[in-house]
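Q: structure for this input, please:
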Amino acid sequence: MTNIMEELALIPAGEFLMGSDSEGDNSPIHKVYIGSFYMDEHEVTNIKYLEFCKVTGHKLPEFWNMKGFRCGLNYLNHPVIGVSWKDAVEYAAWCGKRLPTEAEWEYAARGGLTAMNYPNGDTLNPSNGNYSKSDKGGPVAVGSYPPNGFGLYDMQGNVVEWVSDFYDGKYYSSSPSANPQGPSVGKFRVIRGGGWHTGPSCNRVCYRNALPPNWVDFNIGFRCAKNISHVRI
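A: Here you go, the predicted model:
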């Protein structure tokens, strides 16, 4: 097992403009303060999730070792797919982490850039992310593309990522200005970032979507976050 899968990036505290005024549930643009935290540099991989399943007896992902999905023993350094929000939460708890909030995810994805559509600038092309126009036909090994300004890989493309929040299309109109945790109730959980099967527009850092927490998909995975106070130096 390689150490690369264990690495966390320190996300510094700061303010950013969250959202976009171009579409309904992405608006209004609003200023948000995010306290410092740690985030996985990479999406959780098949090898890490397999370890979790072996230790805990948790079921393997939905598409494990099924031909064509790149989820299994032949693709250990690829991001795990076929896991529900509930699966992701259980994995995060097992390794002493948690899912990032939606606001943390967007702040981290922007990588310190302002008013840009994507983690590495204002445009997206196949050289800086695995999305529908990259023609990869599935997830690729994590770290295959350049990181953003915070040292995070695949915040655009490869797989869409579960975050902790319930979804509410009108939440931005009333969300707290500091460390928002999302609505207190809801039927769906937010997913963020585009995946290998996602078009350019849905890879934008502001783009929001949501699914039932028991949903599994060949285009969805996750990464974890960790509170500063819980990390030993």
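Q: tell me who's in contact with residue 32.
A: Applying CB atoms under 8 Å, 6 or more residues apart in numbering, one finds that residue 32 lies in contact with 15-18, 103, 107, 175, 177-178, 180. C-beta here means a position set from N, CA and C on the backbone, and glycine is covered the same way.
Q: please redo it, this time with the cut-off set to 7 Å
A: 15-16, 18, 103, 177, 180 (CB atoms under 7 Å, 6 or more residues apart in numbering).
Q: what are the buried residues along the strand or helix carrying it?
A: Assigning secondary structure by DSSP states H and E places residue 32 in strand 30-34. Counting neighbours by 16 or more other CB atoms under 10 Å, one finds that the buried residues in strand 30-34 are 30, 32, 34.
Q: hmm, back to that, of the contacts of residue 32, buried ones?
A: So, of the contacts of residue 32, 16, 18, 103, 180 end up buried under the neighbour-count rule (16+ other CB under 10 Å).
Q: which helices and strands sit right next to the longest strand belonging to the chain?
A: Scanning the chain for the longest strand, with DSSP state E as the assignment, gives strand 160-166. Contacts defined by 3 or more CB pairs under 7 Å, 6 or more residues apart in numbering; DSSP states H and E place strand 160-166 against helix 102-110, strand 189-192, strand 220-221.
Q: ok, and the closest non-adjacent residue to residue 97?
A: In space, residue 97 comes closest to residue 224 once its chain neighbours are excluded; the distance is 3.8 Å by CB to CB, 6 or more residues apart in numbering.
Q: alpha carbons of stretch 86-106, as PDB, please.
A: The C-alpha atoms that make up stretch 86-106 are tabulated as PDB, following Å, rounded to 0.1, in the frame of the first residue of the first chain:
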ATOM      1  CA  LYS A  86     -24.200   6.000   4.100                       C
ATOM      2  CA  ASP A  87     -21.300   3.900   3.000                       C
ATOM      3  CA  ALA A  88     -19.100   7.000   2.700                       C
ATOM      4  CA  VAL A  89     -20.100   8.200   6.200                       C
ATOM      5  CA  GLU A  90     -19.300   4.800   7.700                       C
ATOM      6  CA  TYR A  91     -15.900   4.700   5.900                       C
ATOM      7  CA  ALA A  92     -15.000   8.200   7.100                       C
ATOM      8  CA  ALA A  93     -15.900   7.300  10.700                       C
ATOM      9  CA  TRP A  94     -13.900   4.200  10.600                       C
ATOM     10  CA  CYS A  95     -10.700   6.100   9.700                       C
ATOM     11  CA  GLY A  96     -11.400   8.900  12.100                       C
ATOM     12  CA  LYS A  97     -12.500  11.400   9.500                       C
ATOM     13  CA  ARG A  98     -15.800  12.800   8.200                       C
ATOM     14  CA  LEU A  99     -17.300  14.000   5.000                       C
ATOM     15  CA  PRO A 100     -16.700  17.600   4.100                       C
ATOM     16  CA  THR A 101     -19.500  20.100   4.200                       C
ATOM     17  CA  GLU A 102     -20.800  21.500   0.900                       C
ATOM     18  CA  ALA A 103     -19.200  24.800   1.700                       C
ATOM     19  CA  GLU A 104     -15.900  23.300   2.700                       C
ATOM     20  CA  TRP A 105     -15.900  21.300  -0.500                       C
ATOM     21  CA  GLU A 106     -16.500  24.400  -2.700                       C
END
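Q: fine by me, thanks again.
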